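[1] Sharing a sequence plus its predicted fold:
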Protein chains: 2
Amino acid sequence: MAQIRILNENIVRELLTLPMALQAVEQAYLQKASGQGEIWPMVFHEFDPGHVDLDIKSGHLSQTETYGLKVVSFHDGNPSKGLPILQGTSLIFDLETGVPKALLNAGAITDYRTGAAGAIGAKYLARKDSKTLLMAGCGALAPYLIAATLLVLPGLNHVLLVNPRRPGGSAERLDGIVTEVDSLLKESGAVRQAEIIPVTGLEQAVRESDVILTATPARQPYIQTEWVRPGAHLSCVGADMSGKQEIDQNIMGRARVFGDDEVQCLSVGECEAAHKKGILQKLDGELGAVINGTVPGRTNNKEITVFDSTGISLQDLATAGEVLSQAEKLKKGILVEL
Amino acid sequence: MAQIRILNENIVRELLTLPMALQAVEQAYLQKASGQGEIWPMVFHEFDPGHVDLDIKSGHLSQTETYGLKVVSFHDGNPSKGLPILQGTSLIFDLETGVPKALLNAGAITDYRTGAAGAIGAKYLARKDSKTLLMAGCGALAPYLIAATLLVLPGLNHVLLVNPRRPGGSAERLDGIVTEVDSLLKESGAVRQAEIIPVTGLEQAVRESDVILTATPARQPYIQTEWVRPGAHLSCVGADMSGKQEIDQNIMGRARVFGDDEVQCLSVGECEAAHKKGILQKLDGELGAVINGTVPGRTNNKEITVFDSTGISLQDLATAGEVLSQAEKLKKGILVEL
């Protein structure tokens, strides 16, 4: 019997940092671009649409010599039972032998790798002289997205925070988000330079922003095409299943559009609506091809760029791989005969 | 953080018996027939066709109030490294909340539930007065199939054992298989009445048999249509991916044909060849519908019946559910914070 390492939520949070996640996710995109990593068909099941669903994302990654899967479930009745609304569990196997290597609580992995994904989109596509970041969405992912983007674009000096569904309430989560951002930066050895400011006027905030991160479960676009200034970059991470949409589809017709996985972006991502309406035939490229230099990303300071981050298994595998290698080195977690 | 129960191979083998697996698999088929259980799309990936592959089967089952998945991998180079050629790992979640409940070594679960599946096909489709059983295939599954079928058809008095690829070598595994069958029957509170006899003549053995179980990785049929006697039943468990086939496809044109899941049977099961060649348009029914009485199974003593067992996630979930409930009762396994 092989021994499997069990890493619970506390241990994963103790070991994982944003620089680790940023490096892992960037490597995941690169490996996908070079054929060293592959995503397998996603299993998606809705028990009760909008209330209870789950997906199983799987794939393999040569870099970490693993294959594996992550189950993420959404149960909107859980908070009333004192349970998390979103739960993630990862199972990792050795690529060479198929031996199960690790079981991880993937809640933190999802937070970090999703924050890193939005930031890497900005790192490769936003203008280097970007000053103002708009965070649209005040949920659990907001601190990860803000902190990761501040790390990759240190010239940002303002972060506008808006709750698109209820802009009047944007200030409510300010203290919590600032605390979390500062803690994430601190564990990365960084100190926040940018001011975080809650705003009530969504349109005005979009008009002022160089980088826009969207992370809401919206099913109706809340960012209009004419609001987006020339040269802006948008990293859209909210849309990860059919029917979700955060930005007006006409933006896609005017922007250079990239994604993590073309098939997923066009079918279940932020690009779905534009694709279905014939505004966007295909992506300008996957981000991995921009990172490895085979596809040009931004070509001038006037164009709008979009990164559609639907979430792929390779991000999870790469991030889990970093955590696992730290855990092995530091002898963290519990080893159990399986 | 929730606690997850880890059940390793030894514990699963200690807790699981064939009567438990027979009941679980029968319930799984029934739940599928009544819409209380559902299988989700299978993920199948070949790293190196014929040498290294894996599948992920998932689904949910109301009976055990769980959903979950099983990863089964095949690495033909593993034995030279002292590792098993087939490995299985199951992850089980609470249906109501999505909380991960258990991680199980699924090697034993696969053995027991596959043996039970072939037997349940025979239980509902073979003639009650069947006397002679043919086990085609001398691999790891043979003892489970033989023992489970002897439990459900106690009138069987002869078991013919044949290695279809090398009939001259059928006797080589006799002692090992007899020992395992007797041990499986003993843990079920039963004693073997039937004699187990290795045979070298495949055709003659098929001609004499009332019940035929096939469990080989064959890609060419080795049982010919004209050999199968009127009134015989065949449970075919070897074909579980495209290209595998054990019995001549023309048998399907003459038999009443049932399966565990119609879509899987026609696309990747024993029915694939007959379906592709236009011999079989559809199944006569899924076995769950025979068990619950909505579809007639065998209608007379002359017809040939076939059960195509491709393997469905609900068998694994139901069997794991039985094991888990025993483990909870007896406080077996290790509870770990996740």
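    Perfect, thanks for sending it.
[2] all contacts plus neighbour counts: C-alpha atoms, from now on.
    OK.
[3] Would you mind listing what in the stretch 51-200 of chain A touches chain B?
    Counting by CA under 8 Å from any CA of the partner chain, the positions of the stretch 51-200 of chain A adjacent to chain B are A:73-75, A:78, A:83, A:87, A:89, A:97-100, A:104-105.
[4] I'd say A:Val71 and A:Leu103 touch.
    No. Using CA atoms under 8 Å, A:Val71 makes no contact with A:Leu103, being 11.4 Å away.
[5] Find residues that contact each of the two.
    Common neighbours of A:Val71 and A:Leu103, using CA atoms under 8 Å, 6 or more residues apart in numbering or on different chains, are A:Thr89, A:Ser90.
[6] sorry, back to before: now the residues of the stretch 51-200 of chain A next to chain B in CSV, please, with extra columns for secondary structure.
    Below are those laid out as CSV (DSSP: H, G, I helix; E, B strand; the rest coil):
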residue, secondary structure
A:Ser73, strand
A:Phe74, strand
A:His75, strand
A:Asn78, helix
A:Leu83, coil
A:Gln87, strand
A:Thr89, strand
A:Thr97, coil
A:Gly98, coil
A:Val99, coil
A:Pro100, strand
A:Leu104, strand
A:Asn105, strand
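[7] Taking the residues you listed together, which two end up most distant?
    Maximum pairwise distance in those, criterion CA to CA, is 37.6 Å, between A:Asn78 and A:Thr97.
[8] okay, these two: which has more neighbours?
    Each of A:Asn78 and A:Thr97 has its neighbours counted (other CA atoms under 10 Å in any protein chain shown); A:Thr97 has more, 22 against 17.
[9] wouldn't that one be in contact with B:Asn78 here?
    Yes. With contacts defined as CA under 8 Å, A:Thr97 counts as touching B:Asn78 at a distance of 6.4 Å.
[10] okay, which residue is most central for chain A?
    Central residue of chain A (CA atoms, centre = their mean): A:Thr114, 2.3 Å from the mean position.
[11] Tell me the gap between the one helix or strand that residue maps to and the middle of its chain.
    In this structure, A:Thr114 is located in helix A:107-125 according to DSSP states H and E. For helix A:107-125, the distance from its own C-alpha centre to the chain's C-alpha centre is 4 Å (CA atoms, centre = their mean, to the nearest Å).
[12] can you tell me which residues contact the residue nearest to A:Ala320 when sequence neighbours are not counted?
    Excluding the flanking residues, the one nearest A:Ala320 by CA to CA, 6 or more residues apart in numbering or on different chains is A:Ile109, at 6.8 Å. By CA under 8 Å, 6+ apart, the contact set of A:Ile109 is A:Val12, A:Leu16, A:Asp316, A:Thr319, A:Ala320.
[13] Try it again at 10 Å.
    Residues near A:Ile109 by CA atoms under 10 Å, 6 or more residues apart in numbering or on different chains: A:9, A:12-13, A:16-17, A:21, A:88-90, A:115, A:315-320, A:323.
[14] just A:Ile92 next, same as before
    Applying CA under 10 Å, 6+ apart, the residues contacting A:Ile92 are A:4-5, A:58, A:60, A:65-70, A:98-104, A:316-317, A:320-321, A:324.
[15] Excluding residues flanking it in the chain, which one is nearest the residue of the stretch 201-338 of chain A found nearest chain B?
    Minimum separation of the stretch 201-338 of chain A from chain B (CA to the nearest CA) falls at A:Leu338, amounting to 4.1 Å. Leaving aside its sequence neighbours, A:Leu338 sits nearest to B:Asn8 (CA to CA, 6+ apart; 4.1 Å).
[16] Also A:Leu30?
    Nearest-residue entry for A:Leu30: A:Gly288, 4.6 Å, with adjacent residues in sequence omitted and distances by CA to CA, 6+ apart.
[17] and the one you found, how many residues sit next to it?
    By other CA under 10 Å, 25 other residues sit near A:Gly288.
[18] Next: A:Gly278.
    Neighbour tally, A:Gly278, other CA under 10 Å: 12.
[19] One more: the one 3 residues further on?
    Other residues within reach of A:Gln281, judged by other CA under 10 Å, total 13.
[20] which residue packs closest to it, ignoring adjacent ones?
    Once flanking residues are discounted, A:Gln281 sits nearest to A:His275: 5.8 Å by CA to CA, 6+ apart.
[21] Tell me the secondary structure at the one you found.
    At A:His275 the chain is in helix, as set by three-state DSSP.
[22] Contact partners for it?
    So A:His275 contacts A:Gln249, A:Met252, A:Gly253, A:Cys265, A:Leu266, A:Ser267, A:Gly269, A:Gln281, A:Lys282, A:Leu283 (CA under 10 Å, 6+ apart).
[23] Below-threshold pLDDT in the stretch 151-300 of chain A: ranges please.
    Counting by pLDDT under 70, not a single residue of the stretch 151-300 of chain A qualifies.
[24] for it, what spans make up the helices?
    Using DSSP state H, counting those that start in this stretch, the helices of the stretch 151-300 of chain A run over A:174-187, A:202-208, A:250-254, A:262-268, A:272-276, A:287-291.
[25] So which of these is nearest A:Leu54?
    Closest among the helices of the stretch 151-300 of chain A, using CA to CA: helix A:262-268, at 14.3 Å.
[26] is the closest one up against chain B anywhere?
    No. Shown here: helix A:262-268 not in contact with chain B (CA under 10 Å from any CA of the partner chain), separated by at least 16.1 Å.
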